[in-house]
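Novice: based on what follows, work out the 3D shape:
(chains A, B, C and D)
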4 protein chains.
Amino acid sequence: MNEKVVLAYSGGLDTSVTIQWFIDKGYDVVALCLDVGEGKDLDKVQQKALDMGAIESYVIDTTKEFADDFVSYAIYANSMYEGKYPLVSALSRPLISKKLVEVAHQSNADYVAHGCTGKGNDQVRFEVAIKSLDPALKVLAPVREWTWSREEEIDYAKEKNIPIPVNLDSPYSIDQNLWGRSNECGVLEDPWAKPPEDAYALTRNIKEAPDETEELVLHFENGLPKALNGVFYELDELIIKLNEIAGVHGIGRIDHVENRLVGIKSREVYETPGAKVILTAKHDLETITLTKDIAHFKPFIEQKFTEQIYNGLWFSPLSDSLRKMLKDMQQPVNGEVRLELYKGNVTVTGRRSDNSLYDEKLATYTNEDAFNQDASVGFIEIFGLPTKVKAMLDNGVKLYD
Amino acid sequence: MNEKVVLAYSGGLDTSVTIQWFIDKGYDVVALCLDVGEGKDLDKVQQKALDMGAIESYVIDTTKEFADDFVSYAIYANSMYEGKYPLVSALSRPLISKKLVEVAHQSNADYVAHGCTGKGNDQVRFEVAIKSLDPALKVLAPVREWTWSREEEIDYAKEKNIPIPVNLDSPYSIDQNLWGRSNECGVLEDPWAKPPEDAYALTRNIKEAPDETEELVLHFENGLPKALNGVFYELDELIIKLNEIAGVHGIGRIDHVENRLVGIKSREVYETPGAKVILTAKHDLETITLTKDIAHFKPFIEQKFTEQIYNGLWFSPLSDSLRKMLKDMQQPVNGEVRLELYKGNVTVTGRRSDNSLYDEKLATYTNEDAFNQDASVGFIEIFGLPTKVKAMLDNGVKLYD
Amino acid sequence: MNEKVVLAYSGGLDTSVTIQWFIDKGYDVVALCLDVGEGKDLDKVQQKALDMGAIESYVIDTTKEFADDFVSYAIYANSMYEGKYPLVSALSRPLISKKLVEVAHQSNADYVAHGCTGKGNDQVRFEVAIKSLDPALKVLAPVREWTWSREEEIDYAKEKNIPIPVNLDSPYSIDQNLWGRSNECGVLEDPWAKPPEDAYALTRNIKEAPDETEELVLHFENGLPKALNGVFYELDELIIKLNEIAGVHGIGRIDHVENRLVGIKSREVYETPGAKVILTAKHDLETITLTKDIAHFKPFIEQKFTEQIYNGLWFSPLSDSLRKMLKDMQQPVNGEVRLELYKGNVTVTGRRSDNSLYDEKLATYTNEDAFNQDASVGFIEIFGLPTKVKAMLDNGVKLYD
Amino acid sequence: MNEKVVLAYSGGLDTSVTIQWFIDKGYDVVALCLDVGEGKDLDKVQQKALDMGAIESYVIDTTKEFADDFVSYAIYANSMYEGKYPLVSALSRPLISKKLVEVAHQSNADYVAHGCTGKGNDQVRFEVAIKSLDPALKVLAPVREWTWSREEEIDYAKEKNIPIPVNLDSPYSIDQNLWGRSNECGVLEDPWAKPPEDAYALTRNIKEAPDETEELVLHFENGLPKALNGVFYELDELIIKLNEIAGVHGIGRIDHVENRLVGIKSREVYETPGAKVILTAKHDLETITLTKDIAHFKPFIEQKFTEQIYNGLWFSPLSDSLRKMLKDMQQPVNGEVRLELYKGNVTVTGRRSDNSLYDEKLATYTNEDAFNQDASVGFIEIFGLPTKVKAMLDNGVKLYD
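Specialist: Now for the predicted structure:
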C-alpha cells in the first residue's frame, strides 16, 4: 500500500506539479483546498486535483471560521507587523495547518505537505503549526526539496501534461484571503521601483477613485465591527463588503520592505482595504473607551502578539495567553465611528460610545468646567520632585536641610 | 524695589492681561517672546508688551535652534504620542523654558511666569523644565491662580484698557510652531462632531487639493532630511518649505482624543503637513537601513522617549540617555526616498541607500537566488523545537526516550 | 445628627488620636480593624476603639481572603518592586479599602478615613482604591491634615487622656501582615547605617540561626504552594508556617532604598521569610514548566503588575487584565521543589513536574542524545544571516551577486 | 600547499583530537589558546598543541582585555540571563572569536575552527561573531561534524597516541574564566538530583565556610568597582581577588535550568563568587544614584542586552547601541557600598555616594521634614482622576455635569 500525503492545494502550478511529483514518488495524494475568502472558484480547483491524479480532493469553506477565530484577534490587536503589514497570509497559515492535520487524521495519512519554497515565512508557519497540533505527523515540502528553477519546473509540467496557467508569465507571487492580498517578486524586487498598476487587484488607483466622499458609520461591540450604516453582518461578510467599498476609493495599498523570520529583507505590496477601514475606526474608538493605562500598555501586547503570529507561533502557550488578554481588554470597546472615504483617505470624523471615558465637563474651558485646577499645583510639585532633587544635586544647590 | 518676573509672552489676551495683573500686584514685568517658526509678526508683539507696561520686552528668533536641537529628536524617534500626535507644543516648551531661565538670570529676575491654565499639559512641561534648569527659581502661573471665567477676564481687560483681539470670538485655543499647529476647545469638545473647516489653517481640505500629483525626492543623512529634490536646506527651512508644499495637498490633518498627563481625555485637532511627509519618508528609509533587531527594538525606545517629552521631562537623565541612543541608532539612515503627494496621501514609491541591507540576490525568486534554502530545514527544526516538545507533552507523546 | 466616618483603625497612637480628633470635630466614628495575618490580639483593639469613644467597632478576620485574593497574585507575578520589595503593605491596602467601603455602605457613613501621613504611598493606595470602588464616597486623612509634630500629637493625647503606648519611644514605623513586615524611620533613615538588631522581629540574625540544614519539599499547583513536606494547607496557613520556619533560619531580611510613588527615595527594611521561600521555589519550578517564550515575556507582565499594585492601582482595568493573564500563565506550574534552609540561604536542590518541558534525552551528551545536531548548521546560517549581510556591507564585501 | 586552519585550542581532549583530525584531513593547524582568567597553566597547553602536530601555537593573555572590554558591560547591565546566569561563557566567546579572526588574518589562514558540539549555544556565538568580523572567513566545527560517541572519540585518541587526560572519567563539561565557572552534564542532567560536592571548584560548601563575618567596602566609579577596602585594583585583578575572598564564604553557587538559544532546556551549575559580590553591591549603589525613571527603565535595556549577548550577538549594531546606553546610564554610579560576607550571604549594610539622590530631609518623619504634604492632596486627585472617571462610568454615577 502506498504512503498517503495530504497536500495543501491551491490549484496553481507549484502545487499541481507537486501532485504529479508525489505520484511519481509512489505516494497517494489527498488534495485539500480551503476557502479563506479569496473569492476564487474552488469547485474547479477541487476537480483539477482529481484530474492531476489525487485520490481524494476536498474543498472546505472556512471563510467564517477564518474571520471569527483568526482575523478577529488581528483586529483586537490592531496587528501591523513592523507598523505596516496587517498579517494577511500569517493569519491563514494556522487555519490551513489545522485543517491539514484534521484531514490527515481522518484519512489516516502518513504525511502532510505544503508548496512553500525554502526562503519564505510560510514554510515555518506551516511546519511549526503542524508540529504543535500533532508532533508525530511528518511534513513534506517538495518545492523546497526539488530546488528546480522556474524553467525546469515548467519543463517537468509540460512533460507530464500538467496544464500551464495562462497567466504563467505573471511575474508576481500572490496570496489572498478576505483580510487582504499580498504580492511579491518580479519588478517589485527593486525597492526603488514604483509598483506598476498591474501589481494591484483589490484597489483602484487613487486618481481613478470617485470624486464623491462616501460616509460610513461602523458599529463595534467588544472590539469587533458588527454593523455598517445600521445593518448588521457576520464578520466575514462585513470584511468582504468593506473590501469592495474601500477598494473603489483606492484605500489600503501598502508598499513595505519587511524583515522576514528567515533573516532577509523582502519588498512586499499589500492591499487591505477592509482592514484599513476597520483598524482605523477601531483604533479611534479605543481612544475614548480605554483607560490611559491600558492605552499605553496594550501596544506592547499588540507588538508581541503580532510578532508571534508573523513568526508562525499561533499555536503556543504565549500566543494563547496574549489572545485572552487582548480579548479581555476589548470588552469596553463598544460604540460608533463615523468615517469618510475619499481617494485613498479614511478620515474619522466622529466617535461615540456608551462606554466613553471622555468627559466634556472635565475637558471644557467654558464655565461648565468641573476640573479642579488647584489640584495641579500639588500634582506638579510631586511629579516634578525627582527632577528637582536631581537638579539641586547637579547645580550644587544643597539638598534640603 | 519691585520684584521682577520674566513672562513667556505670546501677545494674546491671556498673557496681555497677565502683564497688567502683575503690574497691579507690584511686579516689574520682563516680556519674552520666542519665534519658534509659527510665522507671526513678532515685532508687533514686542512693542505690545511694552505698551502693556512691561519694563523690558525681548523677541528671540529660535527657529533654527528649535529645529536642530529639539525637532531633530522627534524625527529620530518617529515621535507620535499615542500613535497620533507628533509632539508639537511638547517640543517647544523645553526650549521656551530654557530661554526663560536664561533671561531670568540675565535680568536678575526673581520669578518666571507662564500663561497656562491648570488643566493642561503645558503648565507641567514649563514648571518641571524650569525646576530642572534652576531648581531655586520660582514659577508663577497667574492664569491658573486667578481662576476667572472668560467673561471676568474680558471685563478686567476692558477696565484696564487692554486691547481685545479682533478674533476674540474665535472658539479655539491654538498653539503653533514650525513642526505643526494644535487646536482645541469650542465645538471640538464634542468628539462626535466633525471639525469645521475653520479649525484648520495650514492645510487645504483634500477635496480642494490639486488634481495633479506632486513627486518629491527627500534626501536623508543620519536620520535627518537634508535636501528636497536635490536642493539642500537647513532643517528649519526644509520643514517650513514642506509645510507649504504638503499643506496645499491637504496632508497632515490629525483628529485625536488623547490622554493628557493630568488625567483627562481631550479632543485635539493637529495639522502637521511637513512632519507627515518627513516621518513617512524617514520611517520608510529605516526599513532598508536598519537591522531587524534594531527595527524591532527601537519602537520601545521611541515610545518611552515620546512619553517622556509629552510629560514634560525633556531635561532629565533618562531623556538624555534616550536622545543619545536614538541619535546613535540613526547613523546608518542615509539615502533617498521618492514620494507622491496627492489629495491627502503621502505615498512612498521608492527608497534607496548606500547603506541598504536589502539584498536583491537574497530576496529574488529568479535563478540568481543566493539564499541557501536547505538551511531552512535545520532552522525550522531548531526554531520549532520548544513548540514540538510542548506539543509532545500536551499530546501525551512520550518525550524523547 | 452627626456625620459618620468609618476609620481604618490599628489601635496605635495615630489612629487612637484620630478617633478623639473626629469626636472633637463632631463626627460619629465607626472603627474598623482588619486581621491580615499580622498576629496581633485584635479583641483588645476592638475594645480600645470603643473606649476611645467610637460608636461602633468592628474587627474582621480577613486573613484567608487576603492570602487567596491578594497575596496569590503577588506569587503568580513573582512580585518584587524594583527587584527587592515583595509588596507587603501594598497588597493589604486594597483589601482594607474594600472593607472600609463595605462598612461605610452598611453603616450609611458619609466618610471613610485612614491614618496615613502625606508623604507615603499608602495615602495614595487608600484613596485611589476607595474612589475606584465608590467614586462618590469622600475620604478624610486627618493625620495628613493636622500636620502636628510628634510632640504636639503626644501633648494632645495626654490632654485627652488617650493611652500612650509603652513602646512610644520606638523609633520605627512598622506595618505587618502575613506576607511580611516593613519598617522605616529613625536610625534607618541614614542609608549608610547598618540596621540595628531591634529593627527586626520575624527573623533571627543569621549568626544565631541553627547549625543544621532544614530540608523542605514544597508542592505547587497552578503556581500556588499547596503542601509542605506532603501536608496540605490553606494558603494563609502555609505562609504563616513558612514565616516561622524560615524566620528561624534568618531568611528574608531585605534592606532597600526604594523610589516611592510620591517622588522621594526612602530606606526601608523588610522581613519576608515565607515569601522568600515560596518565591524562590516557585520561580525555580517555572524554569521547567514554562515555555521559553513565556519565560522571557512574563517578566514584563510581572514588572507592570508589580508597579500597578505598588502605585495603588489594584482596582483598575489594566490590573484586572494583568491578573487574568498571570493566573492563566501559571496553569502549568505544577510540581515539587526541594529546598534547603541554612543560615539565611534558601537553596533549591531539585525540581520536578509532570508538566516538565525539560527533556533529558534532548539535553544529554551521552549516546542517548535525541538532538539532531545537523539542524544547527542550518539554524546558525539563517539566525546569523542579518549579521552577515550587515558585516558584508560594513566590510565592503559585495552583497551577493 | 595545505589549507590552513586556526583552531580555538583549550588543551582538552576534544580540541586535541581535533588537531589530529585536521592533520588527517590534510590541514595545517594553528592552535590559539587565550587566557581569560581561568587560572590554568597555559604554557603547557601551548607546548601540547605543538606536540599534537600544530604548525604554530599561540597563547595570548587577554585577561585584562576580557575584564575591561567585555565583563565591564555585564556589570553595567547587571546581566543575569533569565534572572540567574551572569553570562560567563557568553562573555568570552566574542573575545575568542575576535582573536581567532585576527590570527587568521595574520597567518593567512583559510579557516577558523572551534570545538563545540551541535547542541549548545557556543557554536552559535562563535560562528555569528566570526561572520560579523569577517563575513568571508569560513568556520569549521569538526566536533559537530564527526558525530562520534565519547567511546569512538577515545578509541580514535588511543589509536593516534593522543594523551588521554587523567580526569577523563569526570562526568562534567566545564568552562571557566575570571567571571565564573560553568558546569553541565553527567549527574546534573537530572534536575531533581542535588549537585554533588565535586561539581564545584571555586566555592566552599556553606557549611564549611568560616564562622566569622568578613566585612568589605567596595568603591565604585561610573558603575565599575575600583577599590576594595581602600586599595585600588585593575578590574581583572579585583574580580580574581573577590573570587577568592567570596569563594571561601561559599558565595555565588547557582543551580539553574535554562532555555538555550537552540531550543532546549539545560540544567547548569555555575559558580560566580566575585560576580555575586560586585553585582549585589553595584545594584544597591544604583538605588541611591539613579533617578527613578532610569531605575525603572534600565531593566528593559538590561534584559535586552543580556539576551543579545547570550544569543551570540555581541557584534551587532543593536548590542553596540545598548552598550553605549548602559555605559552612559552608569556615569552617576559612584560611591561606596559596605558588605558582609557570611556563609553564602552577601549582605549590604550601607551605601553612600556624593551623587546620592536620597535626601534625608525629604524622607524623614522628624520635625526636620522638608516634604510639603499638602501637595499630596492635589497629586492624588490628579493621579486618581482616570480611575475615578472609570468608576463613575461603571457605577452609573453621572459623569460631571
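Novice: for residue A:148, what are its contacts?
Specialist: Residue A:148 makes contact with residue A:156, according to C-beta atoms under 8 Å, 6 or more residues apart in numbering or on different chains. Where C-beta positions appear, they are placed from N, C-alpha and C, glycine not excepted.
Novice: er, residue A:301 actually
Specialist: When the contact criterion is C-beta under 8 Å, 6+ apart, the partners of residue A:301 are A:77, A:322, A:325, A:326, A:329.
Novice: quick one: which of those is nearest residue D:89?
Specialist: Within those, proximity to residue D:89 (C-beta to C-beta) peaks at residue A:322, which comes in at 32.5 Å.
Novice: settle this for me: that closest one is touching residue A:307, isn't it.
Specialist: No. With contact defined as C-beta atoms under 8 Å, residue A:322 does not reach residue A:307; the gap is 10.2 Å.
Novice: those two: which is more packed in?
Specialist: Set side by side, residue A:322 and residue A:307 give different neighbour counts by other C-beta atoms under 10 Å in any protein chain shown, the larger being at residue A:322 (26 against 15).
Novice: residue A:354: how many residues sit nearby?
Specialist: Summarising burial for residue A:354: neighbours were counted as other C-beta under 10 Å, giving 10.
Novice: give me the three-state assignment for it.
Specialist: Using DSSP: H, G, I helix; E, B strand; the rest coil, the three-state assignment for residue A:354 comes out as coil.
Novice: need the contact list for it.
Specialist: Contacts of residue A:354 by C-beta under 8 Å, 6+ apart are A:334, A:335.
Novice: how near is it to residue A:67?
Specialist: Taking C-beta to C-beta, to the nearest Å as the criterion, residue A:354 is separated from residue A:67 by 25 Å.
Novice: within range of chain C, give me the residues from the stretch 151-300 of chain A.
Specialist: Proximity of the stretch 151-300 of chain A to chain C is confined to A:259, A:262, A:263, A:264, A:290, A:291, A:293, A:294, A:297, A:300 under the rule C-beta under 8 Å from any C-beta of the partner chain.
Novice: between which two of those residues is the distance greatest?
Specialist: Pairwise over those, using C-beta to C-beta, the maximum falls at A:264 and A:291, 40.3 Å.
Novice: and the pLDDT for residue A:400?
Specialist: Listed pLDDT for residue A:400 reads 55.
Novice: go on, residue A:164?
Specialist: 81.
Novice: relative to residue D:75, how far out is it?
Specialist: For residue A:164, the distance to residue D:75 equals 64 Å [C-beta to C-beta].
Novice: out of the two, which sits in the more crowded spot?
Specialist: Taking residue A:164 and residue D:75 together and counting by other C-beta under 10 Å, residue D:75 has the greater number of neighbours (25 against 12).
Novice: element containing that one?
Specialist: Mapping residue D:75 onto the secondary structure by DSSP states H and E places it in helix D:72-76.
Novice: before we move on, back to that, now, which of the residues of the stretch 151-300 of chain A next to chain C sits nearest residue D:96?
Specialist: residue A:263 (24.2 Å).
Novice: what is the neighbour count of the closest residue to that closest one other than its chain neighbours?
Specialist: Nearest residue to residue A:263 in three dimensions, chain neighbours excluded: residue C:385, at 3.3 Å (C-beta to C-beta, 6 or more residues apart in numbering or on different chains). Look at residue C:385: counted by other C-beta under 10 Å, it has 23 neighbours.
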